[in-house]
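Undergrad: Here's my sequence, what's the structure:
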Amino acid sequence: MNKNNIVIVDYTLGNLYSVKRAFQKVGCEPLISDKKKDILNAQRIVLPGVGAFSAGMKGLEEKDLLDSIKDFAKTGKPILGICLGMQLMMTQSEENGLHEGMNLIKGKVEKFDPPKETNSFKIPHYGWSSVSIPELDDGVTGNPWRATVLDGVAVNSFFYFVHSYYVHTDDPLNSIGVSNYGRNFFTSVLKMGNISGCQFHPELSGERGLQIITNFVSQKY
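TA: Have a look, this model is predicted:
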């Protein structure tokens with residue numbers, strides 16, 4: 001597998017060069033591009049993002065990249081969404097009104113519940129939080145992080161978050177990592193087939209974040 005045939009999608013939102021530097025640290029030389037041909041010819045694509053959901057969808061629409069990303073997803077080649085990029089892959093978002101997403105994974109982007117009088121926390125969720133294994137009541141056993149971007153990461157490891165909204169997946173099995181902030185437990189890592197997403201920023205999360213990127217690059221899906 002050519003570790004250099006990785007495209008970071010440029011739709012005007014996102015810390016593109018921080019993400020690129022993180023991939024360079026693990027021995028890759030990704031291409032930042034907003035060209036359909038580059039996306040469709042890539043072996044893996046990364047959808048980063050910082051900002052509002054509606055602005056993210058607008059950026060993808062204006063650059064005419066939505067169909068290219070959806071077509072890439074159908075090939076079975078890996079996609080990694082980071083922060084807003086993960087949220088854009090969902091069905092819809094309630095951020096500043098109801099907005100349709102790419103619907104690559106069924107689910108909704110929801111706002112954190114506001115604090116009660118006895119709570120003391122601020123929105124956005126800003127800083128380091130741990131990621132744990134979700135509790136499922138369906139008889140699933142074993143390590144759900146094996147052969148995922150979380151492979152080899154210690155349970156309850158801390159990663160760097162910046163967000164006011166969180167993902168709720170329709171299928172609980174698509175949520176492989178969960179975190180807690182304020183009054184909400186939320187999906188911090190998701191996976192469905194070749195599609196993975198991190199609500200946190202692996203490129204800003206030190207060695208554990210680089211492990212996420214290494215896993216994305218090296219895993220066979």
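
Undergrad: contacting residues for the closest residue to Gln43 other than its chain neighbours?
TA: Counting by Cβ to Cβ, 6 or more residues apart in numbering, Asn5 is the residue found nearest to Gln43 once chain neighbours are left out, at 4.2 Å. (Glycine included, C-beta is placed from N, CA and C.) Shown here is Asn5, whose contacts under the criterion Cβ atoms under 8 Å, 6 or more residues apart in numbering are Asn41, Ala42, Gln43, Arg44.

Undergrad: now, which of those residues lie within helices?
TA: By the criterion of DSSP state H, membership of the contacts of Asn5 in helices covers Asn41.

Undergrad: Now list the buried members of the contacts of Asn5.
TA: The neighbour-count criterion (16 or more other Cβ atoms under 10 Å) marks Ala42, Arg44 among the contacts of Asn5 as buried.

Undergrad: Let me know the closest of the contacts of Asn5 to Phe186.
TA: The shortest approach to Phe186 among the contacts of Asn5 belongs to Arg44, at 25.6 Å (Cβ to Cβ).

Undergrad: thought the closest one was touching Thr75?
TA: No - using Cβ atoms under 8 Å, Arg44 and Thr75 do not qualify as a contacting pair, with a distance of 10.7 Å.

Undergrad: So, low pLDDT: which residues of this structure?
TA: Counting by pLDDT under 70, the chain has low-confidence residues at 1-4, 117-119, 136-142, 220-221.

Undergrad: Quick check: which helices or strands does the longest strand along the chain pack against?
TA: In the chain, taking DSSP state E as the definition, the longest strand is strand 184-192. Using 3 or more Cβ pairs under 8 Å, 6 or more residues apart in numbering; DSSP states H and E as the contact test, the elements touching strand 184-192 are strand 105-111, strand 125-131, strand 165-169, strand 175-181, strand 195-198.

Undergrad: what separates it from the chain centre, distance-wise?
TA: In terms of Cα atoms, centre = their mean, to the nearest Å, the centre of strand 184-192 is set 9 Å apart from its chain centre.

Undergrad: Give me the contacts around that strand.
TA: Outside strand 184-192, the residues that touch it by Cβ under 8 Å, 6+ apart are 86, 104-105, 107, 112-113, 129, 131, 148-150, 159, 161, 166-169, 171, 174-180, 196-200.

Undergrad: Compute the inter-axis angle for it and strand 105-111.
TA: What separates the directions of strand 184-192 and strand 105-111 is an angle of 150 degrees, with axes from the mean of the first three to the mean of the last three Cα atoms, to 10 degrees.
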